[in-house]
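> next come a sequence and a model predicted from it.
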Amino acid sequence: MSNKTFTLADDLYAYLLSVSLREDALLQRLREETAHDEMSSMQIAPEQGQFLALLARLSGARRALEVGVYTGYSSLSVARALPADGRLVACDISEPWTAVARRYWREAGVEARIDLRLAPALQTLDGLLQAGEAETFDFAFIDADKENYPHYYERALKLLRRGGLIVVDNTLWSGWVADPTRQDADTRAIRAFNQALCADQRVDISLLPVADGLTLALKRG
């Protein structure tokens, strides 16, 4: 997976960042700390974090979901875009990675907006549905294990209100989705997910060549 907009040549990507990115010192420090982790390729691109924040604001989100926290760059970006009484339910299973996230949420003053659930995400999402929270969320970001994308998506769609927005990461998968020689489980899972989403008439969609591929799915009213 790519943590930059891989569809652009390096010089054009550098130009994009120079005239668009407004990453503050805290986000930059989080990104630089994460770069030392052996799984740092899971870190979202900085321009992607900024775009998520913009989408959350555009959608008027007050209640948001995140499936896959890692070290918290995306959750920090989205939580800052929520109103003071907003809430982000963040799903992950890693205590060490989310401990990094907590430090930065606390420093940013948004820790109270983030409800971290350390459990398998399907368990958390099913629990929200069982608690009667269907159609009460405004925004969801999915960036976790690829074979479960269809399951996360279906639950997120139930939890979102009409007009709510789901954002799904890695849907271009470094271009491997278009390479017929790539037949690993993750690549096949993303191909199948993309095809299913294209046919899903419950949503309006657009797959954008941002970062590693970002699909937007707007729940129809």
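That came through fine.
> check the average confidence over stretch 204-214, would you?
Stretch 204-214 shows a mean pLDDT of 96.
> tell me where the chain has helices.
10-20, 25-34, 46-58, 73-81, 95-108, 121-130, 149-159, 185-198 (DSSP state H).
> can you put those helices in CSV and add mean neighbour count, mean pLDDT and distance to Leu218?
Where you see a C-beta, it was placed from the backbone N, CA and C, and this is true even at glycine. As requested, the helices of the chain are arranged in CSV below (neighbours: other Cβ atoms under 10 Å; pLDDT from 0 to 100; distance: least, Cβ to Cβ, whole Å):
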stretch, mean neighbour count, mean pLDDT, distance to Leu218
helix 10-20, 11, 96, 23
helix 25-34, 16, 97, 27
helix 46-58, 20, 97, 10
helix 73-81, 25, 98, 17
helix 95-108, 17, 98, 28
helix 121-130, 17, 98, 19
helix 149-159, 20, 98, 11
helix 185-198, 16, 98, 12
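> out of those, which comes closest to Leu88?
helix 73-81 (5.0 Å; Cβ to Cβ).
> what angle do helix 95-108 and the closest one make with each other?
30 degrees (axes from the mean of the first three to the mean of the last three Cα atoms, to 10 degrees).
> show residues contacting helix 73-81.
With contact meaning Cβ atoms under 8 Å, 6 or more residues apart in numbering, helix 73-81 is reached by 26-27, 30-31, 34, 43-44, 46, 48-50, 52-54, 56-57, 61, 64, 66, 69, 86, 88, 90, 101, 104-105, 108, 110, 113-114, 139, 141, 143.
> coming back round to it: nearest to Leu165, out of the helices of the chain?
Using Cβ to Cβ, the nearest of the helices of the chain to Leu165 is helix 46-58, at 6.3 Å.
> show me what the closest one is packed against.
helix 10-20, helix 25-34, helix 73-81, strand 137-142, strand 160-169, strand 214-219 (3 or more Cβ pairs under 8 Å, 6 or more residues apart in numbering; DSSP states H and E).
> list the residues that contact the residue positioned nearest the centre of the chain.
Centroid-nearest residue in the chain, with Cα atoms, centre = their mean: Phe141, separated by 3.5 Å. Neighbouring residues of Phe141 by Cβ under 8 Å, 6+ apart: 52, 64-68, 74, 78, 166-169.
> rerun at 7 Å
Phe141 makes contact with 52, 66, 74, 78, 167 under the criterion Cβ atoms under 7 Å, 6 or more residues apart in numbering.
> for Tyr70, see how far away it is.
Distance check for Phe141 against Tyr70: by Cβ to Cβ, to the nearest Å, it reads 12 Å.
> could you report the pLDDT at the closest residue to Ala119 other than its chain neighbours?
Leaving aside its sequence neighbours, Ala119 sits nearest to Ile93 (Cβ to Cβ, 6 or more residues apart in numbering; 6.8 Å). Looking at Ile93, its pLDDT reads 98.
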